[in-house]
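S.K.: Quick check, what structure comes out for this input:
(one chain, ligands or ions: 2)
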Amino acid sequence: MTKIILDTDPGHDDAIALLLALASPELEVLGVTTVSGNQTLEKTTANALKILEFVERTDVPVHVGAPRPLVREQWAAAYVHGESGLDGPDLPDPKTDPRKGHAIDFIAAQVEEHDGLVLVPVGPLTNIGLLLAKYPGIESRIARIVLMGGSIAEGNVTPAAEFNIWADPEAAHRVFTSGIDVTMVGLDVTHKALLLTDKVDELRAAGRVGSLVAQLYDFYHERHVRMYGWEGSPVHDALAVAHVIRGDFVETEHRHVQVDIGPEPGRGRTYVDLWKRTGNEPNAHVGVGVNGPGFTQFLVQRLASLG
Ligand code: BDR
Ligand code: CA
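M.R.: Ligands and ions are numbered 1, 2, ... in the order given. This next block holds a predicted model:
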């Protein structure tokens, strides 16, 4: 069983990623750490608690992380995730509280305690950047980071940049230059693994979790149809979790990635040296291909199993 910490800013696809992790016997979720991103830290934390309460998994600790990116101002993606960050279903306010202790101190303690721990950041990389800054040397104790973020060829928040990297480029730079075994599940693969409406309709009838996911999807998909005109929607963060469970949905190439920490319009872009032009050593396994139907079938089966 692989031990993971999900570092997250729920967010519709974050919520689905968390549910996938909880539904998967291959994973042990040691904790959930929250970060500002899709919405304010207060809202992303409440959303993480709401999801865990919905599935009666309040045994999974939630630790609160960074309220804003390292350098830039916090900027919420309400245009995708709504004012709550999880618009759509009518989830009650959480009854439970986050645990005591900052997210990065929690992560550091877990890294110390568990060999082979995999960090799965699916929001801006602020918490992981802070962790590396506060705990020098911890890099060698982190088995692997599988992150959702970046892109070889396209942006979704600017023409150049993917949201999670753009939201905190300095933190992302710190992660990509850390020497840790990093896998980048970016838009090149998530945009080719769309969750289609007919699959969601299977879930809609498959119990209360299926129905919750269908309601999340309805809101999120409407935004994607408006923005992209696609027939399905990318469940970005769930693909990163799936990659930890099974390595055969996403095909990767080991390449050098540099984060643009300069001004717009390139700010937050991930320059992937796909054709090895720079001579720089590879620092990330970059998602380049995906079995989209295989992944979405797997996702729906796992979510339906939560009842
Ligand atoms: C990423 O940005 C967020 O809106 C999603 O939750 C995902 O992590 C996709 O660019
Ligand atoms: Ca996210």
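
S.K.: Quick check on Val257: phi, psi?
M.R.: phi -120, psi 130 (degrees, to the nearest 10).

S.K.: and it, what does it touch?
M.R.: Listed by Cβ atoms under 8 Å, 6 or more residues apart in numbering, the contact set of Val257 reads 150, 176, 182, 184, 270-273, 283-284, 286. Using the backbone N, CA and C atoms, a C-beta is placed for each residue, glycine as well.

S.K.: Filter those down to the ones in helices?
M.R.: Phe176 (DSSP state H).

S.K.: need the contacts of Val257 in JSON lines with neighbour count, distance to Gln301 and pLDDT, can you?
M.R.: Below are the contacts of Val257 laid out as JSON lines (neighbours: other Cβ atoms under 10 Å; distance: Cβ to Cβ, whole Å; pLDDT from 0 to 100):
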{"residue": "Gly150", "neighbour count": "29", "distance to Gln301": "28", "pLDDT": "98"}
{"residue": "Phe176", "neighbour count": "24", "distance to Gln301": "33", "pLDDT": "98"}
{"residue": "Val182", "neighbour count": "23", "distance to Gln301": "28", "pLDDT": "98"}
{"residue": "Met184", "neighbour count": "30", "distance to Gln301": "26", "pLDDT": "98"}
{"residue": "Thr270", "neighbour count": "27", "distance to Gln301": "31", "pLDDT": "98"}
{"residue": "Tyr271", "neighbour count": "17", "distance to Gln301": "37", "pLDDT": "98"}
{"residue": "Val272", "neighbour count": "21", "distance to Gln301": "32", "pLDDT": "98"}
{"residue": "Asp273", "neighbour count": "18", "distance to Gln301": "37", "pLDDT": "98"}
{"residue": "Asn283", "neighbour count": "21", "distance to Gln301": "34", "pLDDT": "98"}
{"residue": "Ala284", "neighbour count": "24", "distance to Gln301": "29", "pLDDT": "98"}
{"residue": "Val286", "neighbour count": "28", "distance to Gln301": "27", "pLDDT": "98"}
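
S.K.: list the helices and strands the least confident helix or strand in the chain by mean pLDDT packs on?
M.R.: Ranked by mean pLDDT, DSSP states H and E, the weakest helix or strand in the chain is helix 78-81, scoring a mean of 88. For helix 78-81, the packing partners by 3 or more Cβ pairs under 8 Å, 6 or more residues apart in numbering; DSSP states H and E come out as helix 207-228.

S.K.: With just CA atoms, put the helix it packs on into PDB.
M.R.: Provided in PDB are the C-alpha atoms of helix 207-228 (Å, rounded to 0.1, in the frame of the first residue of the first chain):
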ATOM      1  CA  GLY A 207     -25.500   5.700  -4.700                       C
ATOM      2  CA  ARG A 208     -25.000   8.900  -2.700                       C
ATOM      3  CA  VAL A 209     -21.300   9.400  -3.500                       C
ATOM      4  CA  GLY A 210     -22.100   8.900  -7.200                       C
ATOM      5  CA  SER A 211     -24.900  11.400  -7.000                       C
ATOM      6  CA  LEU A 212     -22.600  13.900  -5.200                       C
ATOM      7  CA  VAL A 213     -20.000  13.500  -7.900                       C
ATOM      8  CA  ALA A 214     -22.600  13.900 -10.600                       C
ATOM      9  CA  GLN A 215     -23.800  17.200  -9.000                       C
ATOM     10  CA  LEU A 216     -20.200  18.400  -8.800                       C
ATOM     11  CA  TYR A 217     -19.700  17.500 -12.400                       C
ATOM     12  CA  ASP A 218     -22.900  19.300 -13.600                       C
ATOM     13  CA  PHE A 219     -21.600  22.600 -12.300                       C
ATOM     14  CA  TYR A 220     -18.000  22.100 -13.400                       C
ATOM     15  CA  HIS A 221     -19.000  20.800 -16.800                       C
ATOM     16  CA  GLU A 222     -21.200  23.700 -17.600                       C
ATOM     17  CA  ARG A 223     -18.200  26.000 -17.000                       C
ATOM     18  CA  HIS A 224     -16.100  23.900 -19.300                       C
ATOM     19  CA  VAL A 225     -18.600  23.700 -22.000                       C
ATOM     20  CA  ARG A 226     -18.800  27.500 -21.900                       C
ATOM     21  CA  MET A 227     -15.100  28.000 -22.000                       C
ATOM     22  CA  TYR A 228     -13.900  25.200 -24.300                       C
END
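
S.K.: Is ligand 1 within reach of it?
M.R.: No. Judged by Cβ under 6 Å from any ligand atom, helix 207-228 and ligand 1 are separated, with a smallest distance of 9.4 Å.

S.K.: Can you get me a residue count around Glu26?
M.R.: Glu26 has 11 neighbours, counted by other Cβ atoms under 10 Å.

S.K.: Which residue comes closest to the residue in the chain that ligand 1 sits nearest to once chain neighbours are left out?
M.R.: Across the chain, the shortest distance to ligand 1 (Cβ to the nearest ligand atom) belongs to Phe163, at 3.7 Å. The spatially closest residue to Phe163, leaving aside those adjacent along the chain, is Val157, at 4.5 Å (Cβ to Cβ, 6 or more residues apart in numbering).
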